[in-house]
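> what follows is a protein structure lacking sequence information:
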């Protein structure tokens, strides 16, 4: 059982998001980068599924050498080895083509990604990989169990959930519920330094999208406070002024 | 060229988000002086299908192949790509629902299309460009994405575009497609409907509780208020992490992003990760006993006070308002 986990390098969740150069660049000054939290869930489940020598967990990351601490963190958590595709992650399609090219050379039984990255929130990678590799994909799963070569997954839908059975190999995007993130222990941190990290060069991809600028949400006006003993006034304001009830 | 919109059904019915997507797609067709085709896949009645013509669809395609009764993203993507080719559609609009997010990227790859997921407004098409505004950084910002490809897929966030009535008297045609056995490897076993009356991503009003409510046993008043307002219930991350409420109710940066008309936050301090998930709410009400809670900085209305005092009063006030309305 060999599992590939795709990891993305994202700003820490407490980051205050600001932009540079006339709102065309994300301001990374003082920003701490982490493994995308949803990818950590994928990694944790992959480690559980291969626990006790039942297989390997490879992590793959598309990004520059500066992101290697994030890859080492994944190795410290328990991945067996790592691959870095040496190119900035231009967009989801670029990343998907790189990872699909690697998988075509090195097939895996299961490919996991996070449900979305917390920077660009695309939820695209799992489905794009599925399409590029002609494999089934499920984008936002809450549960993943394996029985031999057959998986049972639970996916969220509006107003409930669906259970699906899927034969290996396939691609899935993990959300909360699949596993609890793991914290690396000292042994993991020590061994991460010597685990293999291969660097591969990117394949060529036609660019389809370009981010040209960013905006931050319009600031809201001053909050209108209603006295605690006049709650009916809030209801009146919501009805007459805000017109939302 | 033309525009194609996918009308996703839920148990044979179209939700408001479908009519939003049809209205949005029609506006794009108007921008480009072209026509709009809507496509439905699965078991949908002819009355329900013809309703798509109330929001601007010029033509309605119905795919009622028995094998395609249940959603399988791989197989549905193949159908949509074939329909786009048949209709010579260069723009495909899909709702950014849970299923839509599994579908739209596959369609985009099939059509070699650039994709703008999480779109929140109509494209800017000046100078022959095609630029779409989408959410980024989990609601902390928006990105303007230029699509440089010939074909384009847009996944539109529910509740971000208005339903616009536009009666076309469009006729429904059956669209016949050949399916591929290998596209059906993922098999639906069971659908489990949640007990909630209103689903969170679709909700126009959301009542959300935080740690200030002290324990899961105190959610009765949250549910009662939500019930009165026809709202969905939600919670902050510490609440779902503590197991007081299900993860599917967790709103925030690593949970669900919502964009309701009204978001009522009760006993939630307003950590930056929570605010990220609710920043596109149209009106925000905060009830918190700490007047310095960061949530008040982004709220439209607020009551400073103890939730255990204020919420029962609010329930009474809503009942009184409903009785008089």
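Good, I have the coordinates. Everything quoted here is computed from the prediction, not taken from an experiment. Numbering: from 1, shown residues only, chains lettered A, B, ... in the order given.
> list the buried residues of the strand or helix carrying residue B:29.
Per DSSP states H and E: residue B:29 is located in helix B:16-31. Buried residues in helix B:16-31, counting neighbours by 16 or more other Cβ atoms under 10 Å in any protein chain shown, are found at B:17-29. Every C-beta, even on glycine, is put in place using the N, C-alpha and C of the backbone.
> look up the residues forming beta bridges with the closest residue to residue A:49 other than its chain neighbours.
Nearest residue to residue A:49, sequence neighbours excluded (Cβ to Cβ, 6 or more residues apart in numbering or on different chains): residue A:146, at 6.0 Å. Here residue A:146 sits in beta bridges with residue A:151, going by DSSP bridges.
> for residue A:146, the count of nearby residues, please.
Per other Cβ atoms under 10 Å in any protein chain shown, the neighbour tally for residue A:146 reads 16.
> try residue B:184
Neighbours of residue B:184 under the rule other Cβ under 10 Å: 16.
> same question, residue B:73
Neighbours of residue B:73 under the rule other Cβ under 10 Å: 27.
> repeat that for residue B:134.
Neighbours of residue B:134 (other Cβ under 10 Å): 25.
> near chain A, which of the buried residues of helix B:16-31 show up?
Among the buried residues of helix B:16-31, no residue lies close to chain A (Cβ under 8 Å from any Cβ of the partner chain).
> any chance of a markdown table for those residues, columns pLDDT?
Listed next are the buried residues of helix B:16-31 as a markdown table, based on pLDDT from 0 to 100:
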| residue | pLDDT |
| --- | --- |
| B:17 | 95 |
| B:18 | 98 |
| B:19 | 98 |
| B:20 | 97 |
| B:21 | 98 |
| B:22 | 98 |
| B:23 | 98 |
| B:24 | 98 |
| B:25 | 98 |
| B:26 | 98 |
| B:27 | 98 |
| B:28 | 98 |
| B:29 | 98 |
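> which strand or helix spans residue B:143?
Following DSSP H and E, one finds residue B:143 within strand B:141-147.
> gap between the residue nearest to residue A:49 and residue B:99?
24 Å (Cβ to Cβ, to the nearest Å).
> and residue B:298, by the same measure?
Distance from residue B:298 to residue B:99, by Cβ to Cβ: 31 Å.
> of those two, who's got more company?
Applying other Cβ under 10 Å to residue B:298 and residue B:99 shows that residue B:99 carries more neighbours, namely 24 against 18.
> isn't the more buried one up against residue B:71?
Yes. Using Cβ atoms under 8 Å, residue B:99 makes contact with residue B:71 at a distance of 5.4 Å.
> what sits in contact with each of these two?
Common neighbours of residue B:99 and residue B:71, using Cβ atoms under 8 Å, 6 or more residues apart in numbering or on different chains, are residue B:8.
> got a pLDDT number for residue A:190?
Residue A:190 carries a pLDDT score of 96 in this model.
> same check on residue B:254?
88.
> cool, and the one 5 residues further on?
Reading off the per-residue confidence, residue B:259 sits at a pLDDT of 92.
> if I look at it, how far off is residue B:159?
Distance of residue B:259 to residue B:159, computed by Cβ to Cβ: 5 Å.
> any buried residues in stretch A:81-90, and which?
A:82-85, A:87, A:89-90.
> can you list which of those residues are found in strands?
A:82-85 (DSSP state E).
> and which of those residues is nearest residue A:28?
Comparing those against residue A:28 with Cβ to Cβ places residue A:84 closest, at 18.9 Å.
> which strand or helix spans residue A:58?
strand A:56-62.
> who are the packing partners of that strand?
strand A:2-6, helix A:37-49, helix A:68-77, strand A:81-85, helix A:92-105 (3 or more Cβ pairs under 8 Å, 6 or more residues apart in numbering or on different chains; DSSP states H and E).
> contacts for it, please.
A:1-9, A:43, A:46-47, A:50, A:67, A:70-71, A:74-75, A:78-85, A:87, A:89, A:94-95, A:98-99, A:102, A:106, A:108, A:202.
> so what are the sheet partners of it and their directions?
Strand pairing for strand A:56-62, using DSSP bridges, gives strand A:2-6 (parallel), strand A:81-85 (parallel).
> quick one: that strand to chain centroid distance?
Relative to its parent chain, strand A:56-62 has a centroid offset of 13 Å by Cα atoms, centre = their mean, to the nearest Å.
> what angle sits between it and helix A:37-49?
Put simply, strand A:56-62 runs at 160 degrees to helix A:37-49, going by axes from the mean of the first three to the mean of the last three Cα atoms, to 10 degrees.
> neighbours of residue A:12, how many?
Neighbourhood size, residue A:12 [other Cβ under 10 Å]: 12.
> I misspoke; the intended subject was residue A:20.
Counted with other Cβ under 10 Å, the neighbours of residue A:20 add up to 12.
> same check on the one 10 residues further on?
By the measure other Cβ under 10 Å, the count of residues near residue A:30 is 8.
> and what of the one 10 residues further on?
By the other Cβ under 10 Å criterion, the neighbourhood of residue A:40 contains 23 residues.
> right, and it touches residue A:77 too?
Yes. The criterion here is Cβ under 8 Å, and residue A:40 meets it with residue A:77 at 7.4 Å.
> anything in contact with each of the two?
Shared contacts of residue A:40 and residue A:77, defined by Cβ under 8 Å, 6+ apart, comprise residue A:182.
> in contact with residue 48, which residues are there?
This is for chain A. residue A:179.
> wait, chain B was what I had in mind.
B:9, B:12-14.
> just checking, what's the longest helix in chain B?
helix B:307-324 (DSSP state H).
> what average pLDDT does that helix get?
For helix B:307-324, the mean per-residue pLDDT is 96.
> any stretches of chain B with poor pLDDT?
Along chain B, no part satisfies pLDDT under 70.
> flag the shaky bits of chain A, pLDDT-wise.
Along chain A, segments meeting pLDDT under 70 are nowhere present.
> so residue A:43 makes contact with residue A:80?
No. Using Cβ under 8 Å, residue A:43 is not in contact with residue A:80, being 11.2 Å away.
> the two: who's more crowded?
residue A:43 (29 against 17).
> next one: residue A:104 from residue B:67, what distance?
With distances defined as Cβ to Cβ, the gap from residue A:104 to residue B:67 amounts to 29 Å.
> for residue A:130, helix, strand, or coil?
Look at residue A:130: counting by DSSP: H, G, I helix; E, B strand; the rest coil, its state is helix.
> who's the closest residue in space to it that isn't next to it in sequence bridged to?
Counting by Cβ to Cβ, 6+ apart, residue A:137 is the residue found nearest to residue A:130 once chain neighbours are left out, at 2.8 Å. In this entry, residue A:137 is beta-bridged to residue A:171, by DSSP bridges.
> quick check: residue A:137 touching residue A:131?
Yes. Here residue A:137 reaches residue A:131: they are 7.4 Å apart, a contact under Cβ under 8 Å.
> residues shared between the contacts of these two?
Between them, residue A:137 and residue A:131 share the neighbouring residues B:74, B:106, with contact defined by Cβ under 8 Å, 6+ apart.
> circling back: mind listing what's buried in the longest helix of chain B?
Neighbour-count burial for helix B:307-324, counted by 16+ other Cβ under 10 Å, picks out B:307, B:310-311, B:313-315, B:317-318, B:321.
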